[in-house]
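Colleague: Sequence and computational prediction follow.
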Amino acid sequence: MAVKIRLARHGKKGYPFYHIVVADSRAPRDGRFIEKLGTYNPNTNPATIELDVDSAVSWLTKGAQPTDTCRSILSYKGALLKKHLMEGVKKGALTEELVKQRFEAWLDEKESKIQAKKSSLAQANRNDAKARIEEESKVKEAKAAALAQKQAEARAAEAAVKAAAEASKEAPAAEENTEA
C-alpha cells in the first residue's frame, strides 16, 4: 500500500481550508484517510499551519511520500529537518539531546521570523490607513473650500440682486420727482 501525506480540501467555494492527512494513494482526495496530521489555512497572511510534527516525522520514517505542497509545509514547520536529524541519531553522528537542542533553536529562529513578518504587515496596514486618512482629509478640505467659494459667490450674487432691486426702486422714484 502506497501511503501519501497530502491535503484534503475543506471550506467553502473560493475560500479553501485544508486538512493535512496521511492517506492511501488510491483513496479520493477528500475521501478516506489514515490519520489527520494538522490543518493548513492559506487565506491568512502569513498562512496558518498547525501540524503534529512528531507524528509527521514518524510517518515520513515509515516511508510515506508527501505531495509537493505538503513537502513545502513539512519543511516550513521543520518536520523534514527533524527527520534528517533523527537519521543522524540512528547513524550515531548525533545524540538525542543535541537533536532536541538544534531543533528548538531552529524553531525559535523560525518563530522570530514569523513574528517579524506579522509585525511588518501590521505596520504596513497602519501606514496605509494613515495615508488613506490624510488623502481623505485633503479631499474633504478641497470640497469644503469649493463649497465656501460657491457660498461666497452666491452671497455676492444675492447682494448684487438686492443692489439692483434697490437701484430700480430709486430710479422710478427719481423719475417721478422730475415729472412733477
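Modeller: Looks like it came in fine. Numbers count the residues shown, from 1 in each chain.
Colleague: Okay, residue 66 and residue 149: tell me how far apart.
Modeller: To residue 149, residue 66 is 68 Å away according to C-beta to C-beta, to the nearest Å. To be clear about C-beta, it is placed using only N, CA and C from the backbone, and glycine gets the same treatment.
Colleague: Between these two, which has more neighbouring residues?
Modeller: For the pair residue 66 and residue 149, the greater number of neighbours falls to residue 66 (22 against 10), based on other C-beta atoms under 10 Å.
Colleague: what about the nearest residue to that one once chain neighbours are set aside, which SS state?
Modeller: Once flanking residues are discounted, residue 66 sits nearest to residue 5: 4.1 Å by C-beta to C-beta, 6 or more residues apart in numbering. Three-state assignment for residue 5 (DSSP: H, G, I helix; E, B strand; the rest coil): strand.
Colleague: again, but for the one 5 residues further on
Modeller: Following three-state DSSP, the label given to residue 10 is strand.
Colleague: okay, now it: neighbour count?
Modeller: 12.
Colleague: what do you get for the one 3 residues further on?
Modeller: By the other C-beta under 10 Å criterion, the neighbourhood of residue 13 contains 5 residues.
Colleague: which residues sit in contact with the residue nearest the centre of the chain?
Modeller: Residue closest to the mean C-alpha point of the chain, counted by C-alpha atoms, centre = their mean, is residue 45 at 4.1 Å. For residue 45, the contacting residues are residue 121, by C-beta atoms under 8 Å, 6 or more residues apart in numbering.
Colleague: again, but for residue 32
Modeller: So residue 32 contacts 23, 24 (C-beta under 8 Å, 6+ apart).
Colleague: now for the longest helix belonging to the chain, which elements pack on it?
Modeller: In the chain, with assignment by DSSP state H, the single longest helix is helix 96-179. Contacting helix 96-179 under the criterion 3 or more C-beta pairs under 8 Å, 6 or more residues apart in numbering; DSSP states H and E are the following elements: helix 79-91.
Colleague: the inter-axis angle of the helix it packs on versus helix 96-179?
Modeller: Angle, helix 79-91 to helix 96-179, by axes from the mean of the first three to the mean of the last three C-alpha atoms, to 10 degrees: 170 degrees.
Colleague: can you offset everything so residue one is 552?
Modeller: Will do, 552 is the new start, and the previous item becomes helix 630-642.
Colleague: what angle sits between helix 630-642 and strand 554-563?
Modeller: Interaxial angle, helix 630-642 versus strand 554-563 (the same axes, to 10 degrees): 160 degrees.
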